[in-house]
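[1] requesting a structural model of the entry that follows:
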Amino acid sequence: MPHVLHHLRNVWEKLEASVEGLRPIQWYAYPTSVTYVKKAGVTFEPQIEYCGFLNDDVLHEQLCEADFAIVPFNIHDKPEYPYARFSIPSRITEFVNAGLPIFAAAGKKTEACRFISGNGVGKCESIADETGFATQLLEFAKDTAARESMGVNNRHFAEEHCDIRVYRKKLLRKFQQLTTATAQ
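    Below is the predicted model:
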């Protein structure tokens, strides 16, 4: 993950040269994530501005005010490491809950890309080709009608699939079944 931020910084630097008034990407994360990135020798500033860690309510307010989310997941279409092959960033659920369209640096052969693309909650591109990624990101940003539609879709997806109460009930029923079967 740290090196994908290097590529994202490069992409944003290219976009700053062509888009007047473009502000830095705001990155909300645990302080340990920043330490991890810096220890890997990756410079992400000034194009990516670390804004600290926000609790659930404050983060949700910030996300609801954003135009879209950028998910820096991996670099190539083929996953570089097992995490990129088999994982889906949990932050995606917060983005769809806020009705936020997603643009991900995620390779076509990752589960993250399959989830995002398969559920229509965002768009994925490989960031290995920084110029191509920059072009696709700019097109995504300019298409406000498509992003608005995706945002509505994302909120609907969250209401349909991300209600923890539904899963809590299913989990409770499963525990009850298991404990009943064990007791007999």
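
[2] show me the residue at the heart of the chain, geometrically.
    With distances taken as Cα atoms, centre = their mean, residue 71 lies nearest the centre of the chain, 3.3 Å away.

[3] correct me, but that one touches residue 103?
    Yes. Assessed by Cβ atoms under 8 Å, residue 71 is found in contact with residue 103 at 7.4 Å. In short, each C-beta sits where N, CA and C put it, glycine included.

[4] any shared contact partners between those two?
    residue 122 (Cβ atoms under 8 Å, 6 or more residues apart in numbering).

[5] circling back to that earlier point, mind pulling up the pLDDT for the residue nearest to the centre of the chain?
    Residue 71 carries a pLDDT value of 96.

[6] show me what contacts it?
    Neighbour list for residue 71: 89, 91, 92, 95, 102, 103, 104, 105, 106, 112, 116, 122 [criterion: Cβ under 8 Å, 6+ apart].

[7] secondary structure class for it?
    strand (DSSP: H, G, I helix; E, B strand; the rest coil).

[8] give me the distance between it and residue 82.
    Using Cβ to Cβ, to the nearest Å, residue 71 is found at 18 Å from residue 82.

[9] longest helix anywhere in the protein?
    Using DSSP state H, we find that the single longest helix of the chain is helix 164-183.

[10] could I get that one in PDB with only the CA atoms?
    Only the C-alpha atoms of helix 164-183 are listed here, as PDB (Å, rounded to 0.1, in the frame of the first residue of the first chain):
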ATOM      1  CA  ILE A 164     -25.200  -4.200  10.600                       C
ATOM      2  CA  ARG A 165     -28.500  -5.000  12.400                       C
ATOM      3  CA  VAL A 166     -29.400  -7.500   9.700                       C
ATOM      4  CA  TYR A 167     -26.100  -9.300  10.100                       C
ATOM      5  CA  ARG A 168     -26.200  -9.100  13.900                       C
ATOM      6  CA  LYS A 169     -29.600 -10.900  13.800                       C
ATOM      7  CA  LYS A 170     -28.300 -13.600  11.400                       C
ATOM      8  CA  LEU A 171     -25.200 -14.100  13.600                       C
ATOM      9  CA  LEU A 172     -27.300 -14.400  16.700                       C
ATOM     10  CA  ARG A 173     -29.600 -17.000  15.100                       C
ATOM     11  CA  LYS A 174     -26.500 -18.900  14.000                       C
ATOM     12  CA  PHE A 175     -25.000 -18.800  17.500                       C
ATOM     13  CA  GLN A 176     -28.400 -20.000  18.900                       C
ATOM     14  CA  GLN A 177     -28.400 -22.900  16.500                       C
ATOM     15  CA  LEU A 178     -24.900 -23.900  17.300                       C
ATOM     16  CA  THR A 179     -25.400 -23.700  21.100                       C
ATOM     17  CA  THR A 180     -28.700 -25.600  20.800                       C
ATOM     18  CA  ALA A 181     -27.000 -28.300  18.800                       C
ATOM     19  CA  THR A 182     -24.100 -28.500  21.200                       C
ATOM     20  CA  ALA A 183     -26.300 -28.700  24.300                       C
END
